[in-house]
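[1] From the sequence below, what's the structure:
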Amino acid sequence: MRVGVIRGLVLSSRGFLRLAVASCIALFLVVTSGAFVRLTGSGLGCENWPSCGDKPYPEQGFHAFVEFGNRMVALVGIVLTLVTWLASRKVVGLSRYAKWAALGAFLVAAAQIPMGGVTIALDLHPLAVLTHFLLGLAVVALSAIVVLEAWSLVAGPALPAGPRWLRQLVSWVGLPMCAVLVVTGAVATASGPHPGSSDDVDRLGIAITETVYVHVRVAAVFGIGVLVVGVLLWRLRHSYPGIVRLWSFLLVALVAQAVLGEVQYRSALPWGLVLVHVFLAAMIWTLSLALAYVLWRPPAALARQ
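    I've put the predicted structure just below:
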C-alpha cells in the first residue's frame, strides 16, 4: 500500500482518502451553517468581527450563538483544509491535481475569514453575502477534486470515459450552466424575505418574482441538459457503470430540488425549506463538478474491470 510520511507520522493512501472526505463533509457543513445564519436572521448576531461584542465569544442571545457557531464550524473546515494540504504534499503517488486542489481549497477557505469580516462590516450587503456563499461553493468543489484524486490513488485510475467531445460538452457547457443555475438561485434568495438579520439590511432592489422567473428557466435548461447527458452516458453503462450511477444521483437531486423549489415558493419561502434548498444546491453543484471531472480522470472503482 502506498504511504506518505508527515513529520514521522505514517499516512496510508486510504487514510488520506478518509481525511479528504472528512474535509469535504466539513466544508459542506460550513455552507449549510452559513445559510442557517442568514435564514434565521443571525447575520449580525455578533455585531463586530472577529470578536462577538466586547468579548471573543457570545455572552447571550440566540442570534449571537448561531453566528458564533458558524464561525467555529468554519474554523474546523479551514483547519481540515490546511491539514489535508499538508498531508497531500507527503503522500507518495498522489497526483499534482490533488496537491494543487488541496492548496486552493485551503487558500479559498482562509479567504473566507476576512470575507466574513467584510460582510459584517458592510451590514450584510447582498453582494457581499453572495460572494461569501459562492466562495464556500468554490472550496467545496476543490475539496471534491481532492477526494476524487485520493480515490484514484486507492483504487487506481481508469482511462477517460467516452469520446472527447462528450467530456468537453459536460465540462465546458454543462458545468458553466450549473454555475449560472447556482448564481441565479443565490440572487433569488437575496431577493427573498430572508435578508440575514432582523435589523434593516439593504437588498438588491430586484423583485423576487423577477429573479425566480430567470432562475426557473435556467433550471429548465440545465435539467434538459442533464437528461441529454444521461442519454449519451447510457452508452457507457457497461464499461463505466459507476459514472452512470453518479449521473443518476445528480438527476435525483435535481428532481428533488425542483419539487422543493415549487413547494417553498408556493408556501411563502419558509426558512427551513430554503435551508434544504441551499443544501441541495450545493449537492447539485458538487455532483455536477464530480461528473465532469471523472469523465476525464475516473477512479477505477467507477469502471468495470
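[2] Give me the number of neighbouring residues for the spatially closest residue to Ala301 that is not a sequence neighbour.
    Of all residues not flanking Ala301 in the chain, Ala155 sits nearest, at 4.1 Å (C-beta to C-beta, 6 or more residues apart in numbering). For glycine as for every other residue, the C-beta is placed from the backbone atoms N, C-alpha and C. By other C-beta atoms under 10 Å, the residues close to Ala155 number 17.
[3] what sits against Ala155?
    By C-beta atoms under 8 Å, 6 or more residues apart in numbering, the contact set of Ala155 is Pro299, Ala300, Ala301.
[4] Repeat that for Gln168.
    With C-beta under 8 Å, 6+ apart, Gln168 has no contacts at all.
[5] go on, the one 4 residues further on?
    By C-beta under 8 Å, 6+ apart, Trp172 lies in contact with nothing.
[6] State the distance from it to Ala292.
    According to C-beta to C-beta, to the nearest Å, Trp172 and Ala292 sit 9 Å apart.
[7] Same question for Leu103.
    21 Å.
[8] repeat for Glu149
    With C-beta to C-beta as the criterion, Glu149 and Ala292 are 14 Å apart.
[9] ok so, going back, quick one, which of the contacts of Ala155 are buried?
    Pro299, Ala300 (16 or more other C-beta atoms under 10 Å).
[10] Go through the contacts of Ala155 and flag which are in strands.
    Taking DSSP state E as the definition of strands, those contribute nothing to them.
[11] Quick one: the contacts of Ala155 as TSV, columns for distance to Arg203 and pLDDT too.
    Putting the contacts of Ala155 into TSV (distance: C-beta to C-beta, whole Å; pLDDT from 0 to 100) gives the following:
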residue	distance to Arg203	pLDDT
Pro299	44	96
Ala300	50	95
Ala301	47	94
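[12] need the helices for the stretch 201-305 of the chain, in chain order.
    208-233, 241-266, 271-296 (DSSP state H, counting those that start in this stretch).
[13] what sits against Leu175?
    Per C-beta under 8 Å, 6+ apart, neighbours of Leu175: Ser288, Leu289, Ala292.
[14] Could I get the pLDDT score of the first one?
    We note a pLDDT of 97 for Ser288 in this prediction.
[15] now swap in the last one and tell me
    Ala292 is assigned 97 on the pLDDT scale.
[16] Name the residues that touch stretch 131-145?
    20, 23-24, 27-28, 30-31, 34-35, 77, 81, 84, 97-98, 101-102, 104-105, 108-109, 111-112, 115-116, 119, 182-183, 186, 282, 285-286, 289-290, 293.
[17] Which ChimeraX command selects the buried ones in those?
    To isolate the buried ones among these in ChimeraX, judged by 16+ other C-beta under 10 Å, type:
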select :20,23,24,27,28,30,31,34,35,77,81,84,97,98,101,102,104,105,108,109,112,115,116,119,182,183,186,282,285,286,289,290,293
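[18] The nearest residue to Gly223 once chain neighbours are set aside and Val173: what is the separation?
    In space, Gly223 comes closest to Leu254 once its chain neighbours are excluded; the distance is 5.9 Å by C-beta to C-beta, 6+ apart. Note on Leu254: its distance to Val173, by C-beta to C-beta, is 16 Å.
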